[in-house]
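Q: Predicted structure and sequence below. I'll ask about it afterward.
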Amino acid sequence: QVQLVESGGGLVQAGGSLSVSCAASGRTFRSYAMGWFRQALGKERQFVATINQDGSNTYYANSVKGRFTASRDNAKNTVYLQMSSLKPEDTAVYFCAAGRVTSMFQATYDYWGQGTQVTVSS
């Protein structure tokens, strides 16, 4: 069992930067690939980024590529999403998820956090 808790969301102006974190419980964090997803109001949850178990490989949605960076610190049981050049369309609840493989598909993730709101004002 892995419990995930996101933090760091907030309000930022367009063009600004923000970092969100996801802290995991348990000793098996390093065995999980991690994913970031987001859900805007009234829309389906969508893939943002994924990072493998040791942090050596990442993959991003086209909409955030070059602006967002996923990283992890296995010693701290934490995964991060650094967001820059933020746009109003990045406004959403951001979720982290843990699974056995890096994937852009929600069904492959076993555990989910509760989400943190990121709002980008124009």
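A: Alright, I've got the coordinates. Residues are numbered from 1 along each chain as shown.

Q: Which stretches in the chain count as strands?
A: In the chain, the strands defined using DSSP state E lie at 4-7, 10-13, 18-24, 33-39, 46-51, 58-60, 68-73, 78-83, 92-99, 109-112, 116-121.

Q: just how off-centre is the shortest one within its chain?
A: So that's strand 58-60. Its chain's C-alpha centre and that of strand 58-60 lie 11 Å apart, by C-alpha atoms, centre = their mean, to the nearest Å.

Q: I'd like to know how far Thr28 sits from Ala98.
A: For Thr28, the distance to Ala98 equals 9 Å [C-beta to C-beta, to the nearest Å]. C-beta here means a position set from N, CA and C on the backbone, and glycine is covered the same way.

Q: Please determine how far Gln46 is located from Gln1.
A: As judged by C-beta to C-beta, Gln46 and Gln1 stand 26 Å apart.

Q: Can you point out the buried residues in stretch 96-110?
A: For stretch 96-110, the neighbour count (16 or more other C-beta atoms under 10 Å) marks Cys96, Ala97, Ala98, Gly99, Thr102, Ser103, Gln106, Tyr109 as buried.

Q: what do Thr28 and Ala98 both touch?
A: Val2 (C-beta atoms under 8 Å, 6 or more residues apart in numbering).

Q: Need the strands of the chain in TSV (columns: mean pLDDT).
A: Formatted as TSV, these follow (pLDDT from 0 to 100):
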stretch	mean pLDDT
strand 4-7	97
strand 10-13	98
strand 18-24	98
strand 33-39	98
strand 46-51	98
strand 58-60	98
strand 68-73	98
strand 78-83	98
strand 92-99	98
strand 109-112	97
strand 116-121	98
